[in-house]
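A.B. asks: fold the following and give me the result.
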Amino acid sequence: MNGTIQLIQLTPNELQNAIIEEINQKFEELKTSFQPKEPTELLTRSETSKLLKVNLTTLWNWTKQGKLVSYSIGNRVYYKRSEVLQSLIELKH
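C.D. replies: Numbers count the residues shown, from 1 in each chain. Model prediction:
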């Protein structure tokens with residue numbers, strides 16, 4: 001293909017409108033992709049244990065078993081609130 005585009009039965013006005021519509025659509029897609037996302041809320045071990053109403057030993061066991069994912073910076077351990085809440089499973093009665 002040599003890069004030639006043939007426009008058949010398309011008026012210059014229709015072509016202009018089609019181009020403008022496509023540009024507007026791409027612009028909207030770009031705007032939504034650059035929307036700031038919610039910041040990740042980090043919880044300390046203490047805050048996480050209070051949220052789940054368990055003691056620190058249980059929290060440590062759940063982390064070791066892979067039920068919860070922990071993150072660290074230096075000697076500090078954190079949990080992502082969204083991941084803690086997602087780890088809760090629905091009980092079937």
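
A.B. asks: in the strand ranked longest in the chain, what counts as buried?
C.D. replies: For the chain, the longest strand by residue count, based on DSSP state E, is strand 76-80. Using 16 or more other Cβ atoms under 10 Å as the test for burial, strand 76-80 gives V77, Y78, Y79, K80. Glycine gets a C-beta too; all of them are placed from N, C-alpha and C.

A.B. asks: so what's K53 up against?
C.D. replies: Shown in contact with K53 (Cβ atoms under 8 Å, 6 or more residues apart in numbering): no residues.

A.B. asks: where does it land on pLDDT?
C.D. replies: pLDDT, K53: 97.

A.B. asks: next one: the one 10 residues further on
C.D. replies: pLDDT, T63: 97.

A.B. asks: part of a helix, is it?
C.D. replies: Yes - under DSSP: H, G, I helix; E, B strand; the rest coil, T63 sits within a helix.

A.B. asks: right, I'll leave it there.
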